[in-house]
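>>> here are the coordinates; sequence isn't available:
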């Protein structure tokens, strides 16, 4: 008697997706995830370095800004004493200058300085005091350097890796810093 089982051809695999194809997809997906993660982390390191550079540039401008705000504070105090400027405006100014002086966090200090410059440009701020404010070329050069470094930081944040990071880290908005003008 001949064994019928040995004479049959092998049973074909069931229809569907092959294991080799699934393995290929998984490998391609892992490589894509690895490349994306590497690029995003590389972008994070570049953003971190750019932020450190802009923070250093800001700190070099703080001393000149502090002198500017000290002169503004003295002139405003005299203006309030003479009844030219309101006490409410003076309190807003004092609050902003206190924040500028007491914080060591660059983002908060920049925000306070922006508020100071907005108040200095306000029509309620005495024009003669505004015109007497120091705003020499050294301060302007320091602020130009800071703004250039912040521009580099903004470019990195607008890259694909930067936008991906912003989803998870929510970087603060960065605008150029400008002094109030007459």
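Perfect, I can see it now. Note that this is a predicted model, so its numbers are computed, not measured.
>>> Where does residue 124 sit: helix, strand or coil?
Three-state assignment for residue 124 (DSSP: H, G, I helix; E, B strand; the rest coil): coil.
>>> Setting the sequence-adjacent residues aside, check what's closest to it.
residue 89 (4.9 Å; CB to CB, 6 or more residues apart in numbering). C-beta here means a position set from N, CA and C on the backbone, and glycine is covered the same way.
>>> Tally up the residues packed near that neighbour, please.
Residue 89 has 16 neighbouring residues, counting by other CB atoms under 10 Å.
>>> What helices and strands are in contact with the helix or strand harbouring it?
Here residue 89 sits within helix 87-102, counting by DSSP states H and E. When contacts are defined as 3 or more CB pairs under 8 Å, 6 or more residues apart in numbering; DSSP states H and E, helix 87-102 sits against helix 19-81, helix 106-120.
>>> Which other helices and strands does the following helix or strand past the shortest one contact?
Once helix 106-120 ends, the next helix or strand along the chain (criterion: DSSP H and E) is helix 127-131. Other helices and strands packing on helix 127-131, by 3+ CB pairs under 8 Å, 6+ apart, are helix 19-81.
>>> For the helix it packs on, the averaged confidence score.
What helix 19-81 shows for mean pLDDT is 89.
>>> between that helix and helix 87-102, how many degrees?
With axes from the mean of the first three to the mean of the last three CA atoms, to 10 degrees applied, the angle from helix 19-81 to helix 87-102 works out at 130 degrees.
>>> Touching the helix holding residue 89 from outside, list them.
65-66, 69, 72-73, 76-77, 80, 108-109, 111-113, 115-116, 119, 122, 124-125 (CB atoms under 8 Å, 6 or more residues apart in numbering).
>>> That helix vs helix 106-120, what angle?
If you take the same axes, to 10 degrees, helix 87-102 sits at 150 degrees to helix 106-120.
>>> So which bits of helix 87-102 are buried?
Buried residues in helix 87-102, counted by 16 or more other CB atoms under 10 Å: 89-90, 92-93, 96-97, 99-100.
>>> ok, now stretch 151-166?
Neighbour-count burial for stretch 151-166 [16+ other CB under 10 Å]: 152-154, 156-157, 161-162, 164-165.
>>> Roughly how far does residue 134 sit from residue 75?
12 Å (CB to CB, to the nearest Å).
>>> repeat for residue 130
For residue 130, the distance to residue 75 - CB to CB - is 8 Å.
>>> Could you do residue 152 as well?
With CB to CB as the criterion, residue 152 and residue 75 are 36 Å apart.
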